[in-house]
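Enquirer: Just the structure for this:
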Amino acid sequence: RLVTTRPGRALASAAVLLRGGGAVLLALLAFSALDLPHQRTPQLLFALAALALVVALAAPARALLGIAALAALLPVAGNLLAGPWVAPTEALLLLLAAATLLRGGGLPSAPLLRPLAFSTAAVAAGAVAATLAALAPGELPAALGDLARSFFSPGEGHAAAPLRAALVQAAGLLGFVLFRREAGVRGERLLRAVVAGLALVGAYAVVEASTGLKLWGAERYEALSRGLRVPATLPDYNATGAAMALALFPAIVLAIRSTGARRALWGGASALLLVGLLLSGSRGAWVAALAAALCALAGVAWARRRE
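Expert: Got it, this is the predicted structure:
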């Protein structure tokens, strides 16, 4: 009834405009994450991003599952393009959020959504303050122009780096909200997609360690490790180790709960994740995985004692 009144129609129209404006802003931010004007192959990247947006509009659930599987495999794409740094995972998340708004669903609800929104706003405000404090007033337009040209660049020397870092962090929080909604509907399917994608990262870690095939530039590798530590498709050894450790135990649970060929498949995924964890050489990830294993064993022993 509210919508049939004049104020109600005005509010509905304003909501549509805000939703459409938010979608356009997210889409522009996604394309800026690809740094299209400065790439050697901008047409290919634009076509792929446009295709991702169409898929997200037509089949958002499948698009999210695809992102879950590909997220850990995409970071190396920026290096393989031989152009400026791109952030394909962030771009896909932003395009999916834009598609969610364009479809009229609004941003999905999630636990801790309000605290996450406040924390994101606080981080963004602090980043803006730090950026403004580091710049003279006359330098601000040039700094913002450079930031717009390399929104998701990993560079740390620029005065606007805090603002850039806050925006990248906000993209990750947006991904959490999107994934959390889907987990409530297709929890195990989403988990399987994430584990399968990370198992492929582990598989490439094995290939990299055994053949010496490296996809990153020399600056990404630790000289003292003599090539024994491998980052695989992620840009950092510790990131690879953490990702392998996070997916290892869900893969083991999937293997235990499955039967026949699926058990062998998830068992193989578990083995790849374990090997990838070891090859990362990340001692922090090793300790975390060991602590999680001890906690799991203690929980099993306690449950059996109570029986």
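Enquirer: from here on, contacts and neighbour counts on C-alpha atoms
Expert: Fine.
Enquirer: where do the helices sit along the stretch 201-307 of the chain?
Expert: Using DSSP state H, counting those that start in this stretch, the helices found in the stretch 201-307 of the chain span residues 237-257, 260-280, 283-306.
Enquirer: per-residue confidence averaged over the first one?
Expert: Pointing back at helix 237-257 there. In this model, helix 237-257 has an average pLDDT of 90.
Enquirer: In that helix, which residues are buried?
Expert: Neighbour-count burial for helix 237-257, with 16 or more other C-alpha atoms under 10 Å as criterion, is recorded at 237-252, 254-255.
Enquirer: just checking, what packs against it?
Expert: Under the contact criterion of 3 or more C-alpha pairs under 8 Å, 6 or more residues apart in numbering; DSSP states H and E, helix 237-257 touches helix 161-211, helix 260-280, helix 283-306.
Enquirer: Same list (those) but as TSV, adding mean pLDDT, mean neighbour count and distance to Val55.
Expert: Shown next, in TSV, are the helices and strands packed on helix 237-257 (pLDDT from 0 to 100; neighbours: other C-alpha atoms under 10 Å; distance: least, C-alpha to C-alpha, whole Å):
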stretch	mean pLDDT	mean neighbour count	distance to Val55
helix 161-211	75	20	16
helix 260-280	92	21	28
helix 283-306	87	13	35
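Enquirer: sorry, back to before: closest to Val195 out of the helices of the stretch 201-307 of the chain?
Expert: Closest approach to Val195 among the helices of the stretch 201-307 of the chain (C-alpha to C-alpha): helix 237-257, 5.6 Å.
Enquirer: Give me the contacts around that closest one.
Expert: Helix 237-257 is touched from outside by 191, 194-195, 198-199, 202, 229-232, 234, 262-267, 269-270, 273-274, 276-278, 280-282, 284-286, 288-289, with contacts defined as C-alpha atoms under 8 Å, 6 or more residues apart in numbering.
Enquirer: still on that earlier bit, between the helices and strands packed on helix 237-257, which gets nearest to Pro137?
Expert: Nearest of the helices and strands packed on helix 237-257 (C-alpha to C-alpha): helix 161-211, 16.3 Å.
Enquirer: Averaged pLDDT, whichever strand or helix holds Phe46. What do you get?
Expert: For Phe46, the element it lies in under DSSP states H and E is helix 42-58. Regarding helix 42-58, the rounded mean pLDDT is 83.
Enquirer: so what does it touch, helix or strand wise?
Expert: For helix 42-58, the packing partners by 3+ C-alpha pairs under 8 Å, 6+ apart come out as helix 60-70, helix 88-102.
Enquirer: Try it again at 7 Å.
Expert: Other elements packing on helix 42-58 under the criterion 3 or more C-alpha pairs under 7 Å, 6 or more residues apart in numbering; DSSP states H and E are helix 88-102.
Enquirer: so for the helix it packs on, what's the average pLDDT?
Expert: So the average pLDDT for helix 88-102 ends up being 78.
Enquirer: what's it packed up against?
Expert: Against helix 88-102 (3+ C-alpha pairs under 7 Å, 6+ apart) you get helix 6-33, helix 42-58, helix 161-211.
Enquirer: then the second one to PDB, C-alphas only?
Expert: Right, the one you point to is helix 42-58. C-alpha atoms of helix 42-58 as PDB (Å, rounded to 0.1, in the frame of the first residue of the first chain):
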ATOM      1  CA  PRO A  42      42.400  -4.800 -23.300                       C
ATOM      2  CA  GLN A  43      39.900  -6.200 -25.800                       C
ATOM      3  CA  LEU A  44      40.200  -9.700 -24.400                       C
ATOM      4  CA  LEU A  45      40.000  -8.600 -20.800                       C
ATOM      5  CA  PHE A  46      37.000  -6.400 -21.600                       C
ATOM      6  CA  ALA A  47      35.200  -9.300 -23.400                       C
ATOM      7  CA  LEU A  48      35.900 -11.700 -20.500                       C
ATOM      8  CA  ALA A  49      34.700  -9.200 -17.900                       C
ATOM      9  CA  ALA A  50      31.500  -8.500 -20.000                       C
ATOM     10  CA  LEU A  51      30.900 -12.200 -20.300                       C
ATOM     11  CA  ALA A  52      31.300 -12.600 -16.500                       C
ATOM     12  CA  LEU A  53      28.700  -9.800 -15.900                       C
ATOM     13  CA  VAL A  54      26.300 -11.500 -18.300                       C
ATOM     14  CA  VAL A  55      26.700 -14.900 -16.600                       C
ATOM     15  CA  ALA A  56      26.300 -13.300 -13.200                       C
ATOM     16  CA  LEU A  57      23.000 -11.600 -14.400                       C
ATOM     17  CA  ALA A  58      21.700 -14.800 -16.000                       C
END
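Enquirer: That'll do, ta.
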